[in-house]
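Visitor: The sequence isn't on hand, but the structure is:
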Ligand SMILES: NC(=O)c1ccc[n+]([C@@H]2O[C@H](COP(=O)([O-])OP(=O)(O)OC[C@H]3O[C@@H](n4cnc5c(N)ncnc54)[C@H](O)[C@@H]3O)[C@@H](O)[C@H]2O)c1
Ligand SMILES: [Zn+2]
Ligand SMILES: [Zn+2]
């Protein structure tokens, strides 16, 4: 079938919305009609050419939500008409990692996905006979996409898809960092560094876990206001002395849980240093630049601080994304403030510009 999609032709150039050929889903795959898709930093990072593992031509996009149109042979977990959220982090339920509750990093299709292919090593996207590679196994800057069923989370069909799309990446990453990775205890004190999509999700996750104090740190007053809306009890402007200020505010000890959601290794270090002696846990969610390292004074670890990393918030996506969507529908997670701009597929480059200008939290593409 013919589809319109935003193609990354050349790094550091605007995406080009073009007509492509999308072929039928094969074994274990489904055809999904996109209804909404968020524009995320990872898309822009790859488009910029800075990502060493990037390639072109490819169709970007990974924060998608839509409706299953048809399925290939052997597909059992979704059927036409199902509403789904796309998962760049799949859940096969069979690999050694999927069967263990300590990780969400599914091993089933990692290698091919990283190279831009579907699990059988081929693409469903073509242009004049030339293959166009997939991106993050999702390629959702497109009217339709073909994806493995293990990378589709089936959600409540009553949920608004422009909200559900945000659970495909940043929002679940933040929520999950607090709920799955840190397992924040009731009554605790938390500090969240960064109030973008991921940090705000972490604030909401700490609130859902029953934290008593949630201190959010950012450089932008507008974003700190949004953090209050998600449950932050206090806010602070970031800076070189922020660790001292946090320690002062927490009876000289630091926080039970800290979260880093900026991608800045200096802030990661602050998150470790602001964690409490004895049991403080610093959870790192930000993606640092290539080659950057995190500096930690080992004494901080010996005296009981711990550091954890969190990919997609430790969420096993097919199980947990539908649960998050239910919690949002029940009013426990307020998604509306994150949708700052609604744009069309043709405006996808404007989505990048808005992100660069830090104008709002998310631009969401709506497909008609
Ligand atoms: N681990 C994962 O699976 C995963 C998934 C999605 C995104 N990410 C990463 O998480 C990070 C955050 O993503 P996002 O979409 O929320 O980004 P974002 O750019 O919208 O938010 C980052 C925030 O950090 C703030 N900030 C910058 N410097 C700061 C400082 N010194 N002190 C305090 N705050 C500071 C900025 O003002 C901004 O509000 C990125 O690095 C992104 O790549 C990771
Ligand atoms: Zn993302
Ligand atoms: Zn698996």
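Guide: Thanks, I have the structure now. These numbers come from a predicted model, not from an experiment. Residues are numbered from 1 along each chain as shown. Ligands and ions are numbered 1, 2, ... in the order given.
Visitor: Looks like residue 43 contacts residue 61 (just checking).
Guide: Yes - using Cβ atoms under 8 Å, residue 43 is in contact with residue 61, at 6.2 Å. For the C-beta atoms, the positions are set from N, CA and C on the backbone; glycine is no exception.
Visitor: Now the common contact residues for these two.
Guide: Common neighbours of residue 43 and residue 61 (criterion: Cβ atoms under 8 Å, 6 or more residues apart in numbering): 135, 141.
Visitor: These two - which one has more neighbours?
Guide: Higher neighbour count among residue 43 and residue 61: residue 61, with 30 against 27, using other Cβ atoms under 10 Å.
Visitor: Pretty sure the more buried one sits against residue 137.
Guide: No - Residue 61 is beyond contact range of residue 137, at 11.1 Å (criterion: Cβ under 8 Å).
Visitor: could you pull out the helices for the stretch 201-350 of the chain?
Guide: With helices called from DSSP state H, counting those that start in this stretch, the stretch 201-350 of the chain shows them at 221-230, 242-249, 265-273, 298-302, 317-329, 348-356.
Visitor: Mean neighbour count and distance to ligand 3 added to the ones you listed, as JSON lines?
Guide: Converted to JSON lines, the helices of the stretch 201-350 of the chain look like this (neighbours: other Cβ atoms under 10 Å; distance: least, Cβ to the ion, whole Å):
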{"stretch": "helix 221-230", "mean neighbour count": "18", "distance to ligand 3": "31"}
{"stretch": "helix 242-249", "mean neighbour count": "17", "distance to ligand 3": "38"}
{"stretch": "helix 265-273", "mean neighbour count": "21", "distance to ligand 3": "28"}
{"stretch": "helix 298-302", "mean neighbour count": "11", "distance to ligand 3": "31"}
{"stretch": "helix 317-329", "mean neighbour count": "21", "distance to ligand 3": "10"}
{"stretch": "helix 348-356", "mean neighbour count": "19", "distance to ligand 3": "31"}
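Visitor: could these go into JSON lines alongside mean pLDDT and distance to residue 57?
Guide: Shown next, in JSON lines, are these (pLDDT from 0 to 100; distance: least, Cβ to Cβ, whole Å):
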{"stretch": "helix 221-230", "mean pLDDT": "98", "distance to residue 57": "35"}
{"stretch": "helix 242-249", "mean pLDDT": "98", "distance to residue 57": "43"}
{"stretch": "helix 265-273", "mean pLDDT": "98", "distance to residue 57": "32"}
{"stretch": "helix 298-302", "mean pLDDT": "97", "distance to residue 57": "45"}
{"stretch": "helix 317-329", "mean pLDDT": "98", "distance to residue 57": "27"}
{"stretch": "helix 348-356", "mean pLDDT": "97", "distance to residue 57": "15"}
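Visitor: for the ones you listed, which one sits closest to residue 133?
Guide: Nearest of these to residue 133, taken as Cβ to Cβ: helix 348-356 at 17.7 Å.
Visitor: packing partners for that closest one?
Guide: helix 41-48, strand 339-343, strand 362-366 (3 or more Cβ pairs under 8 Å, 6 or more residues apart in numbering; DSSP states H and E).
Visitor: Distance of the most centrally placed residue in the chain relative to ligand 3?
Guide: For the chain, residue 169 is the residue whose C-alpha lies nearest the centre (Cα atoms, centre = their mean; 2.2 Å). Taking Cβ to the ion, to the nearest Å as the measure, residue 169 falls 19 Å from ligand 3.
Visitor: How about that residue: what's its closest non-neighbour residue?
Guide: Spatial nearest neighbour of residue 169, chain neighbours left out: residue 63 (4.8 Å); criterion: Cβ to Cβ, 6 or more residues apart in numbering.
Visitor: Identify the residues contacting that neighbour.
Guide: Taking Cβ under 8 Å, 6+ apart, one finds 37, 38, 39, 40, 86, 140, 165, 166, 168, 169, 170, 362 in contact with residue 63.
Visitor: Could you check how far it is from ligand 1?
Guide: 9 Å (Cβ to the nearest ligand atom, to the nearest Å).
Visitor: That residue bridge partners, please.
Guide: Here residue 63 sits in beta bridges with residue 38, as judged by DSSP bridges.
Visitor: Which residue does the chain have closest to ligand 1?
Guide: residue 196 (2.1 Å; Cβ to the nearest ligand atom).
Visitor: can you pull the contacts of that residue?
Guide: Contacts of residue 196 (Cβ under 8 Å, 6+ apart): 170, 223, 261, 262, 361.
Visitor: most neighbours, which of those residues?
Guide: residue 261 leads those on contacts (other Cβ under 10 Å) with 31 neighbours.
Visitor: Double-check it against residue 285; I have them as touching.
Guide: Yes - using Cβ under 8 Å, residue 261 is in contact with residue 285, at 5.0 Å.
Visitor: circling back: quick one, which of the helices and strands packed on helix 348-356 is packed in tightest?
Guide: strand 362-366 (a mean of 23; mean count of other Cβ atoms under 10 Å).
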